[in-house]
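Novice: Here you go, sequence then predicted model.
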Amino acid sequence: MTPQILIIACLLLPVVGAVTSMTMRGHYAPALVAGIISFAASIILVVQTAGGHVFALHVGNWPAPYGVVLVVDGFAALMLAVCQLVLVASIIFATKTLSARFRRRHLYPLLCTLGLGANGAFLTGDLFNLYVWFEVLLLSSFAIMAIVPGKEARKATWRYVVINLIASLLFLIAAGLIYGKTGTLNFADLHRLFQKTEKSFLIESSSALLFGAFGIKAALIPLAFWLPRSYPQLPPAISALFAALLTKIGLYALYRIFGMVFVFDGAFPHQQLLFWLAIITMMGGVLGAVAQNDMRRILSFHIISQVGYMALALAIYSPLAISAGVFYLIHHIVVKGNLFLVTGLVEGHAGSSDLKKVYGIVRSSPIIAALFAVPALSLAGLPPLSGFFAKFALLKGSLELHQWAAAVAIISVGLLTIFSMLKIWSAAFWGDDLPETEPQPKVLLATSGALAAVTILLGLASGLFFRLANDAAHTLLDPSAYIRAVLGPTNPTLP
């Protein structure tokens, strides 16, 4: 099957799943089938893009940069695969854990369109369509958050909507300014233009707006205040998907735009700012997590902390650091999504995620305890799990460039992460049996177990996955293959 057909499948299948689910009164089956097939297609794309191969689909056969182009490289393919994996897991959990209120509100069509927005953002080859796919993603997330009942949930929804609309406005203004200055928004074309000409004040200011927009979406401190107030209000099946997709797409955009289009070259004004914001985000997020006493809130703050690691990799901007950042993204999407799903298992089993009310799960349900232990230890960075290799590679990349502040932050935040995971373990899993517990459906245990197995596989086969991450990083740092795939070897804009 050609990459172009697989690209179409990754965009068409969520649409078919959403429409079919709506015609079946919101049934989950079409969404689940669409997610599984999309995941299979993305895995094939990972194989096809291995080694640095890049494939483009020119919509309507219009040549770039004049027409819409969809592009898949190693980075996009990896992101497609892991996000579709967590989407499928979230749909399975939603069928068993969410109330009828959610299911009758077209939840599954909205999950399909959420996946559609994510897939489109990964595959688009120009700035305007990146904005469009972001809006598809955000409108779906707005609608899902609006279903959550309660006063606090409504406040969280409004906060989430307003801050993301501000980010979208910054994004749109920046895109308009860049187009007015260059006459193009195609990633490959912009890269070539910026390599040939000096950056003007208009371009620098536009990049600053993009930096702010993506910083909000990625939840970098001080732009992350919305996240720990919003995500804990969502059911675990939904918060797992939001944790896996939303901030990671913001990070993907940062990597794509500032790693490939504008290029951090040491003199770029936002590189040093991103470096210190990343360290502050790491420290602020983990300290916020340590101060919490609810699993949902602890994990929400850890999203912020881990975003700092991935942003730091981009700010260091060496081949090893970028490879570590890509691997960290893949690892974190799987681990964080699974931790929220396990939180759902804990709530279903013990009736709460409050650490003051839950205890003894290791006795009443050793399976749930094991399912928590694997992603928790990986998040903390203990070998031989994926988190250890991600942090070790990033630490090595920082030491190679004598970035001592980054190295200290990586080690200290890692230790505090271990402490916060031990806090959950000692409070919720140790102790006597709870007086009343509920057994959890086997399909949910199997789903969480599958994600835990992926985490173990990422660690045991870290060499293979680091090669894929290195291929993705190479395409960002040297986008010549990307440019040839998009613009073609005979395009007049090429030398």
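Specialist: Ah, there it is.

Novice: Could I get the average pLDDT for the host helix or strand of residue 109?
Specialist: Assigned by DSSP states H and E, residue 109 belongs to helix 107-123. Averaged across helix 107-123, pLDDT comes to 93.

Novice: now do stretch 461-473
Specialist: On average, stretch 461-473 scores 93.

Novice: again with stretch 52-67
Specialist: Rounded mean pLDDT across stretch 52-67 is 86.

Novice: And for stretch 191-199?
Specialist: Mean predicted confidence for stretch 191-199 is 75.

Novice: With stretch 88-99 instead?
Specialist: On average, stretch 88-99 scores 91.

Novice: mind saving the C-alpha coords of it as PDB?
Specialist: This file holds the C-alpha atoms of stretch 88-99, laid out as PDB (Å, rounded to 0.1, in the frame of the first residue of the first chain):
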ATOM      1  CA  VAL A  88      -8.100   3.400  20.800                       C
ATOM      2  CA  ALA A  89      -7.400   2.700  24.500                       C
ATOM      3  CA  SER A  90      -9.400   5.700  25.500                       C
ATOM      4  CA  ILE A  91     -12.400   4.600  23.400                       C
ATOM      5  CA  ILE A  92     -12.300   1.200  25.000                       C
ATOM      6  CA  PHE A  93     -12.200   2.700  28.500                       C
ATOM      7  CA  ALA A  94     -15.000   5.200  27.600                       C
ATOM      8  CA  THR A  95     -17.300   2.300  26.700                       C
ATOM      9  CA  LYS A  96     -17.000   0.800  30.200                       C
ATOM     10  CA  THR A  97     -16.500   3.700  32.500                       C
ATOM     11  CA  LEU A  98     -18.400   6.800  31.300                       C
ATOM     12  CA  SER A  99     -22.000   7.500  32.200                       C
END
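
Novice: contact partners of it?
Specialist: 28, 31-32, 35-36, 39, 102-103, 107-108, 111, 235-238, 240-241, 244, 337-338, 341, 344, 348, 441, 443-444, 447-448, 450-451 (C-beta atoms under 8 Å, 6 or more residues apart in numbering). Placement of C-beta: from N, CA and C, glycine included.

Novice: same deal with stretch 31-51?
Specialist: In contact with stretch 31-51 (C-beta under 8 Å, 6+ apart) are residues 1, 3, 6-7, 9-10, 13-14, 16-18, 20-21, 55, 72-74, 76-78, 80-81, 84-85, 87-88, 91-92, 95, 108-109, 111-112, 115, 119, 467-468, 471.

Novice: Take these and, keeping just the buried ones, write it as a ChimeraX select command.
Specialist: The buried residues among those can be selected in ChimeraX (16 or more other C-beta atoms under 10 Å) with this line:
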select :3,6,7,9,10,13,14,17,18,20,21,55,72,73,74,76,77,78,80,81,84,85,87,88,91,92,95,108,109,111,112,115,119,468,471
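
Novice: Inside helices: which ones of the contacts of stretch 31-51?
Specialist: Residues of these located in helices (DSSP state H): 3, 6-7, 9-10, 13-14, 16-18, 20-21, 74, 76-78, 80-81, 84-85, 87-88, 91-92, 95, 108-109, 111-112, 115, 119, 467-468, 471.

Novice: Going by residue numbers, what spans are strands in this structure?
Specialist: Counting by DSSP state E, the chain has these strands, from start to end: 55-58, 69-72.

Novice: now for the last one, which elements pack on it?
Specialist: Going back to what we said before, that points to strand 69-72. If you count contacts as 3 or more C-beta pairs under 8 Å, 6 or more residues apart in numbering; DSSP states H and E, strand 69-72 packs onto helix 3-23, strand 55-58, helix 107-123, helix 480-487.

Novice: Can you check which of the ones you listed gets nearest to residue 381?
Specialist: Closest to residue 381 of these, according to C-beta to C-beta: helix 107-123, at 26.4 Å.

Novice: ok, the closest residue to residue 181 other than its chain neighbours - contacts?
Specialist: With C-beta to C-beta, 6 or more residues apart in numbering as the criterion, residue 181 has its nearest non-adjacent residue at 4.9 Å, and that residue is residue 202. Residue 202 sits next to 177, 180-181 when contact means C-beta under 8 Å, 6+ apart.

Novice: So for those, which is the shakiest by pLDDT?
Specialist: residue 181 (84).

Novice: Distance of it relative to residue 195?
Specialist: 15 Å (C-beta to C-beta, to the nearest Å).

Novice: So these two - more neighbours on which side?
Specialist: Comparing residue 181 with residue 195 by neighbour count (other C-beta atoms under 10 Å), the higher total belongs to residue 181, at 16 against 9.

Novice: Was I right to think the more buried one contacts residue 204?
Specialist: No: using C-beta atoms under 8 Å, residue 181 makes no contact with residue 204, being 10.6 Å away.
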